Each structure stands twice: as structure tokens, then as C-alpha cells.
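Student: Okay, here's the prediction I keep looking at, along with the sequence it came from:
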Amino acid sequence: MRRSKILIFTESSRNVGGQELQLMQQMAAMQAQGIACTLVCPPGGKVDAVARARGLAVENVAFRNSLHLPSILTLAALLRRTRAGMVICHSGHDANNAAVAARLVRPRPFVLRSRTYLAGRVKPLPYNVLADATMVPSHYLRNALLENPAIRAERIHVVYPGIDFAGIDQRSHEALPSHVADWLAAGQGPLLLHVAMLRGEKGHLLMLEVLAQLRQRWPQLRYLIAGDGDARAAIEARIAELGLQRQVLLAGSVMPASCLFRHAELLVMPSTYEPLGMSQIEALALGVPVVASHTGGIPETVINGRTGMLVAPGDVDAWVAAIDQALSAPQAMRELAQQGAQGVRARFSVEHNLQQILALQADFARRQAR
């Protein structure tokens with residue numbers, strides 16, 4: 001069975017975060033290798049708009065629920081028309097609809113589920129039956145899934161995300177958004193950069209407490225937050241309560257964020273839950289020092305004391321001490337980041353990511369041909 005040169009990606013989420021950007025990057029990289037790709041997503045959302053702006057092929061399907069018959073039939077028709085050899089699914093509704101649609105088509109395409117986040121009870125059906133294989137971004141997340149002994153371990157594969165480091169290198173020298181440039185120009189103190197969606201587990205509120213405690217020792221210390229999300233109002237309120245309006249900029253979503261990194265003394269990642277994380281990888285690749293939480297998959301990307309600093313999540317005092325230590329030894333922190341650059345560029349390359357995905361498809365094709 002020959003590997004198809006056509007792939008379908010599905011995404012039922014309407015917003016754009018790390019998972020969706022990774023999907024689009026995979027599409028672009030596969031197209032560069034001569035593999036035609038189409039993204040199937042709901043109409044009118046940010047995913048739809050960003051993908052089209054990037055010149056990616058897009059078709060719209062509603063994905064209103066996990067068993068939406070019109071979506072299943074439309075997707076099955078697309079699979080027949082294109083004779084796609086693989087469907088890569090990214091969210092719950094689209095993954096379930098795609099699994100059914102694939103079984104209405106002959107020859108049946110390989111259904112690969114991407115699972116980047118766990119919330120709530122894990123059920124075995126999506127992993128053992130609906131998807132032919134599931135890729136997760138870290139050993140931490142794989143182990144978390146396999147805490148349910150009913151899930152078949154041979155179907156769960158660690159596939160580290162692929163990062164376009166050449167693009168990051170180029171974009172890191174691009175001009176800053178005007179509101180960010182103006183804010184940076186108005187101050188002179190060291191900059192903490194935090195690139196993450198505004199959600200509770202990302203640790204923005206903790207960093208505000210850390211900043212407030214460091215004010216006396218580092219009165220000019222600044223904190224730049226790049227991202228959007230539901231926690232914005234709570235973050236704004238706490239900034240006002242602590243009197244940090246001049247020290248903190250809620251920059252909103254900056255896409256791509258690469259242009260921010262070269263202005264930062266430290267990239268901070270104070271998450272309480274993080275299956276892997278991306279911003280700390282990009283920071284290390286650019287030689288920017290990292291202080292991150294010792295949680296989830298982050299230790300698979302940052303080695304404490306060798307490529308960066310890892311701190312207990314949620315511990316304000318520990319974070320205050322770590323940031324103080326890092327700011328007091330800037331050259332030592334830069335050296336740690338430089339030691340980490342080569343490692344992350346090898347393990348998280350686009351080429352390595354695509355090789356792993358295509359190897360999973362080839363293995364499925366061999367099993368189908370028996």
C-alpha cells in the first residue's frame with residue numbers, strides 16, 4: 001500500500017493557540033515536501049481566518065457536536081474525492097466525526113489523533129477504537145493517559161512538536177507592534193516576558209505577586225504578557241490592586257511572538273499545568289534564558305541548572321528567589337540558554353516531527369496490507 005500524497009487536517013476549535021499554530025505549521029511543512037494538505041474547520045472562526053491568511057487550503061465543516069451527521073457526510077465526501085491517506089484530528093468534536101467519516105471510505109485513511117491537553121476523566125474508546133493512533137507532545141502526557149489501564153499503550157505515541165526555527169530566527173528581528181515598542185521605549189528596566197494564553201493555569205496572577213515582592217530590589221523590573229484569554233479581566237484587576245500599571249503590559253495576542261524574545265532578559269513560564277509548552281523551547285533556541293515551573297512536560301524541554309531554571313509551581317517565595325537569582329547573574333543565565341539551544345533545535349525540529357508522523361502512517365499502511 002503506497003503512502004498517499006494527500007492529507008486532511010481537522011480542527012473543531014474556533015480559536016488559535018499553540019495547538020492550532022502547530023497544525024498549520026505541520027501543513028506548511030508537509031506541503032513543502034510535496035504532500036497536499038487541506039484543513040477542515042468551522043467557518044468564520046480565528047482558525048479559519050488565520051489559515052486562509054497563511055495561504056493554506058481550507059474547507060469548512062460545522063462540527064457542531066461529536067456525532068454531527070452533516071459534518072460526517074461532508075467529510076466522508078471530501079475523503080473520497082481526495083483519496084487522502086491520513087486524517088490528523090486535533091479536538092474532540094472533529095476527531096470523533098473524522099473517525100466515523102473515515103470508516104465510510106475505501107480505502108480507509110489512517111486516523112491520527114493529536115492530544116495535547118487532558119481535562120476530566122479519560123475514556124478509552126477514543127484511543128482504543130476511534131483513532132488508529134494518538135500522538136502526544138510529551139512522555140508526561142503519555143504517562144498521564146496510561147494511568148487508565150484500559151488504554152492500549154501501543155496506540156499512544158510521543159511525537160514532539162516541530163518548530164520552524166529558521167522562521168523564528170528571521171522573525172525575531174522583525175519590528176515590534178507599535179504599542180509594545182512604545183511601552184518598551186518608555187522604560188529601561190529588565191524585562192520578564194510571558195507568552196501564553198490568559199488562563200488560570202498559566203500563572204499570570206502568581207507572576208504579579210512575584211513582581212510586587214521584587215519591586216523594592218528591582219524597582220524598574222517590567223513584565224510583558226503576550227496572549228489573550230478568559231482570565232484577562234482577573235489579571236487586569238490584580239494589576240490595579242497591586243499598583244503595577246506602569247510595570248506590566250497586557251500586550252494581547254502577538255502573532256508571531258518571535259519579535260518579542262530578543263528584548264527580554266528572561267522568559268518566564270510559571271504554569272501549574274503544562275503538558276509540554278512551546279514558548280520556553282523558542283526562547284532557548286534564541287538563547288534567551290528561561291525560568292519555568294517544574295511541572296508536566298516542561299522538564300523534557302528545560303534541564304534545571306544546565307539549560308535553565310525550574311521552580312516549584314505555585315510557590316511565590318520560590319519564584320521570587322529564582323527571578324532575583326536569575327536577574328543577578330545575567331551572563332550565567334545566557335550561558336545556560338546557549339547550552340540548551342542546540343538540544344531543542346534537534347529534538348523539536350520540523351523535520352523530526354514530520355518523520356515521526358509519516359512513520360506512524362507507514363506502519364498503519366503495512367498493517368492494512370497484510
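Tutor: Right, received. Where do you want to start?
Student: contacts and neighbour counts: CA atoms only from here.
Tutor: OK.
Student: In this protein, what residue spans correspond to strands?
Tutor: Here the chain has its strands, by DSSP state E, at 6-10, 36-41, 58-60, 86-89, 110-114, 133-136, 156-158, 191-195, 222-226, 248-252, 266-269, 290-293, 309-311.
Student: Make a markdown table from those strands and add distance to Asn353 to it.
Tutor: Shown next, in a markdown table, are the strands of the chain (distance: least, CA to CA, whole Å):
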| stretch | distance to Asn353 |
| --- | --- |
| strand 6-10 | 15 |
| strand 36-41 | 16 |
| strand 58-60 | 22 |
| strand 86-89 | 14 |
| strand 110-114 | 13 |
| strand 133-136 | 11 |
| strand 156-158 | 10 |
| strand 191-195 | 23 |
| strand 222-226 | 26 |
| strand 248-252 | 29 |
| strand 266-269 | 24 |
| strand 290-293 | 23 |
| strand 309-311 | 26 |
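Student: now those in TSV, with mean pLDDT, distance to Ala237 and mean neighbour count?
Tutor: Listed next are the strands of the chain as TSV, based on pLDDT from 0 to 100; distance: least, CA to CA, whole Å; neighbours: other CA atoms under 10 Å:
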stretch	mean pLDDT	distance to Ala237	mean neighbour count
strand 6-10	96	37	24
strand 36-41	97	35	23
strand 58-60	97	38	19
strand 86-89	96	37	26
strand 110-114	96	36	25
strand 133-136	97	35	24
strand 156-158	97	39	19
strand 191-195	98	18	24
strand 222-226	98	15	22
strand 248-252	98	12	18
strand 266-269	98	21	27
strand 290-293	98	24	27
strand 309-311	98	26	22
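Student: those helices in the stretch 251-370 of the chain, which residues are they?
Tutor: With DSSP state H, counting those that start in this stretch, the ranges of helices along the stretch 251-370 of the chain come out as 258-261, 279-285, 316-328, 330-347, 350-369.
Student: Could I get those in JSON lines, plus columns for mean neighbour count, mean pLDDT and distance to Arg217?
Tutor: Formatted as JSON lines, the helices of the stretch 251-370 of the chain follow (neighbours: other CA atoms under 10 Å; pLDDT from 0 to 100; distance: least, CA to CA, whole Å):
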{"stretch": "helix 258-261", "mean neighbour count": "23", "mean pLDDT": "97", "distance to Arg217": "24"}
{"stretch": "helix 279-285", "mean neighbour count": "25", "mean pLDDT": "97", "distance to Arg217": "25"}
{"stretch": "helix 316-328", "mean neighbour count": "17", "mean pLDDT": "98", "distance to Arg217": "8"}
{"stretch": "helix 330-347", "mean neighbour count": "19", "mean pLDDT": "96", "distance to Arg217": "16"}
{"stretch": "helix 350-369", "mean neighbour count": "15", "mean pLDDT": "90", "distance to Arg217": "42"}
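Student: Any idea which of these gets closest to Val129?
Tutor: If you check each of those against Val129 by CA to CA, helix 350-369 wins as the nearest, at 14.1 Å.
Student: Can you tell me what sits against the closest one?
Tutor: 1-3, 26, 29-30, 86, 110, 132-133, 159-164, 346 (CA atoms under 8 Å, 6 or more residues apart in numbering).
Student: With distance to Arg81 as extra columns, can I get the helices of the stretch 251-370 of the chain in a markdown table?
Tutor: Below are these laid out as a markdown table (distance: least, CA to CA, whole Å):
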| stretch | distance to Arg81 |
| --- | --- |
| helix 258-261 | 38 |
| helix 279-285 | 38 |
| helix 316-328 | 55 |
| helix 330-347 | 36 |
| helix 350-369 | 20 |
